[in-house]
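*Asks:* Structure, please.
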Amino acid sequence: MDISLIKQKDADEVADLSESIRERYLKDQIILTEEKLIYFKNELNIKMKRNYDYRMELEELKRESQKLGIEVKKVEKERAYAKKKFKEISESRSWRFTFFVRKMLDFSKKPNM
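*Replies:* Sure thing, here's the model as predicted:
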């Protein structure tokens, strides 16, 4: 056999060997990429579920906030009404009291006949 033929045969075997190694490496990379894809899909599903839960909680808090806002307005109206009524009553009582005192003073100022 010629030495060049032996070298060519060895080179072909090395090429075949490196090609099989390359194919195995690429298959491993494909498997790794598929596993990463599955992992990221699971992470995405978890985050979507959490996001949905947060949105539902936010909607519930908005509804609760609106209810509390309505209650606050009612309480403010009642407070204003009570304040107005108290002012009216206190003014009327003070007016009555001062009117009574004035009347007494008027009687005392009138000359006795």
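*Asks:* For this protein, give me the ranges with low pLDDT.
*Replies:* 1-17, 90-113 (pLDDT under 70).
*Asks:* in it, which spans are strands?
*Replies:* Ranges of strands in the chain, per DSSP state E: none exist.
*Asks:* which residues of it fall in helices?
*Replies:* Using DSSP state H, the helices of the chain run over 3-109.
*Asks:* ok, Phe86 to Ala80 distance?
*Replies:* 11 Å (C-beta to C-beta, to the nearest Å). All C-beta spots, glycine's among them, are computed from the backbone N, C-alpha and C.
*Asks:* Tell me how many other residues crowd Arg24.
*Replies:* By the criterion of other C-beta atoms under 10 Å, Arg24 has 10 neighbours.
*Asks:* Give me the distance between it and Ser18.
*Replies:* From Arg24 across to Ser18, the span is 11 Å (C-beta to C-beta).
*Asks:* Distance of Leu44 relative to Glu35?
*Replies:* 15 Å.
*Asks:* scratch that, Leu26 is what I was asking about
*Replies:* 15 Å.
*Asks:* what does Glu19 give?
*Replies:* 25 Å.
*Asks:* likewise Arg63?
*Replies:* Between Arg63 and Glu35 the distance is 43 Å, computed by C-beta to C-beta.
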